[in-house]
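Asker: please find the sequence and the predicted model below.
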Amino acid sequence: MMSIEEAEAEQERLRPLVDLADPGPERVEYVAGLDVGYAGDDEVTGAVVVLRAATLEIADQVAVRQRASFPYVPGLFAFRELPPLLAAMEKLTVAPELLVCDGYGLAHPRRFGLACHLGVLTGLPTIGVAKTAFVGRHDEPAAERGSWSPIVLDGDVVGRALRTRDGVKPVYVSQGHRISLDNACSHVLRLSPGFRLPEPIRMADRLSRS
DNA sequence: GCGACAG
DNA sequence: ATCTTGTCGC
């Protein structure tokens, strides 16, 4: 197994490859949601669900179950979840143009969360959507869907707390790779018409548990 | 130093 | 994450 030190060094090595300047696609035909489910003895299930962006209909889905190769270490989340997710991605028959990841992107202690890592490895535009925010500080956004407030870490804006439903706890959006924060948030809002979490992530979450 | 810590 | 009891809001 890779050591903690080696994993951190790998993040530092790959971080310069992240593209935060590309505004990213305004519209895509296919968008994928990714999530990992956990079973008993260190078993992880990587799930990828490709949706037709216009209708949110499922176009393709793959789940791969394997032995976890890295423990859960805050800040090194990707080293646990990336292997099963990449294995699932390789089996897709419909190519997504945008990936929505469950977790952090830029909003990460070393500015290199799972979404950035997956973006660099696949070359695809990626967005990180987390359910909790332990990185940086942010004000509470207004109660209406669409409201947001910046997440600030060491003086830098690294993401947004974005309200996807009226009066419901926001999600925490950050850039992964090849997409602007504005564009990432507009995609997340469009992909979350009925629930707090974007539909691709909900579908992947469901698949990862089965 | 101690605790907290995406999932 | 997952498990699980109890509570809350509609």
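Answerer: In hand now; what should we look at?

Asker: what parts of chain A come near DNA strand B?
Answerer: A:35-36, A:38, A:72, A:74-78, A:102-104, A:108, A:113-114, A:128, A:130-132, A:134 (C-beta under 7 Å from any atom of the strand). (Glycine included, C-beta is placed from N, CA and C.)

Asker: please enumerate the helices of chain A.
Answerer: For chain A, the helices defined by DSSP state H occupy A:4-14, A:77-90, A:114-122, A:181-190, A:199-208.

Asker: related to what we said a few turns ago, which among the residues of chain A next to DNA strand B end up buried?
Answerer: By neighbour count, with 16 or more other C-beta atoms under 10 Å, the residues of chain A next to DNA strand B hold A:35-36, A:75-78, A:102-104, A:108, A:113-114, A:128, A:130 as buried.

Asker: okay, and which of those residues map to strands?
Answerer: Mapping these onto strands (DSSP state E) picks out A:D35, A:V36, A:D102, A:G128, A:A130.

Asker: and DNA strand C, which of these reach it?
Answerer: A:V36, A:D102.

Asker: pipe the ones in strands among the buried ones among the residues of chain A next to DNA strand B into a markdown table and attach pLDDT and distance to A:G167 per row.
Answerer: Shown next, in a markdown table, are these (pLDDT from 0 to 100; distance: C-beta to C-beta, whole Å):
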| residue | pLDDT | distance to A:G167 |
| --- | --- | --- |
| A:D35 | 96 | 25 |
| A:V36 | 96 | 29 |
| A:D102 | 95 | 23 |
| A:G128 | 97 | 24 |
| A:A130 | 95 | 20 |
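
Asker: nearest to DNA strand B, of the ones in strands among the buried ones among the residues of chain A next to DNA strand B?
Answerer: Minimum distance to DNA strand B across those is 4.1 Å, recorded for A:A130 (C-beta to the nearest atom of the strand).

Asker: for the residue nearest to A:V50 when sequence neighbours are not counted, what are its contacts?
Answerer: Counting by C-beta to C-beta, 6 or more residues apart in numbering, A:D60 is the residue found nearest to A:V50 once chain neighbours are left out, at 4.1 Å. Contact partners of A:D60, counting by C-beta atoms under 8 Å, 6 or more residues apart in numbering, are A:V49, A:V50, A:L92, A:T93, A:V94.

Asker: report the separation between A:R137 and A:A107.
Answerer: 11 Å (C-beta to C-beta, to the nearest Å).

Asker: and what of A:E8?
Answerer: In terms of C-beta to C-beta, A:E8 sits 17 Å off from A:A107.

Asker: name the residues of chain A found near DNA strand C, please.
Answerer: A:V36, A:G37, A:Y38, A:D102, A:K131, A:S208, A:R209.

Asker: burial check on the last one, number of neighbours?
Answerer: In other words, A:R209. A:R209: 13 surrounding residues under other C-beta atoms under 10 Å.

Asker: cool, thanks, talk later.
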